[in-house]
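Trainee: could you work out the structure for the sequence below:
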Amino acid sequence: MISKKIAIQLPEGLEARPIALLVQVASQYESSIYVECEDKKVNAKSIMGMMSLALPAGREITVIANGEDEEKAMENIEKYLCGK
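Mentor: Numbering: from 1, shown residues only. Below is the predicted model of the structure:
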């Protein structure tokens, strides 16, 4: 299991469309992937769960990945959230 703090650098933050794209990125991997913000922890592969966080640009979150492809998953989720 690995975890990493990441600041959301998408200009619009995580609204509906960016969330849908994040869920697509996360769903490519076998690993379990969760996003934590304050006292909430949601599955990064769940559109409704991610929308419940209402994350603006600049907010720092913790991404947790656990599984065989956790490192690749973390790398690509970080690239997406940092707008790269």
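
Trainee: which non-adjacent residue is nearest Met51?
Mentor: Counting by CB to CB, 6 or more residues apart in numbering, the nearest residue to Met51 once its immediate chain neighbours are dropped is Ile19, at 5.8 Å. To be clear about C-beta, it is placed using only N, CA and C from the backbone, and glycine gets the same treatment.

Trainee: is the one you found in contact with Gly49, as I believe?
Mentor: No. Taking CB atoms under 8 Å as the definition, Ile19 is not a contact partner of Gly49, at 9.5 Å.

Trainee: out of the two, which sits in the more crowded spot?
Mentor: More neighbours surround Ile19 than the other of Ile19 and Gly49, with 21 against 17 (other CB atoms under 10 Å).

Trainee: do you know how far that one is from Ser46?
Mentor: Computed as CB to CB, to the nearest Å, the Ile19 to Ser46 distance reads 10 Å.

Trainee: quick check, Val23 in a helix?
Mentor: Yes. The assignment for Val23 is a helix, going by DSSP: H, G, I helix; E, B strand; the rest coil.

Trainee: show me the contacts for it.
Mentor: Ala44, Lys45, Ser46, Ile47, Met50 (CB atoms under 8 Å, 6 or more residues apart in numbering).

Trainee: could you redo the last one with a cut-off of 10 Å?
Mentor: By CB atoms under 10 Å, 6 or more residues apart in numbering, the contact list for Val23 reads Ile33, Asn43, Ala44, Lys45, Ser46, Ile47, Met48, Gly49, Met50, Met51.

Trainee: do Ile47 as well
Mentor: Contacts of Ile47 (CB under 10 Å, 6+ apart): Ala16, Ile19, Ala20, Leu22, Val23, Gln24.

Trainee: then Tyr29?
Mentor: Applying CB under 10 Å, 6+ apart to Tyr29 gives the contacts Ala44, Lys45, Ala65, Gly67, Glu68, Asp69, Glu70, Lys72, Ala73, Met74, Asn76, Ile77.

Trainee: do that again at 6 Å, thanks
Mentor: With contact taken as CB atoms under 6 Å, 6 or more residues apart in numbering, Tyr29 is in contact with Asp69, Ala73.
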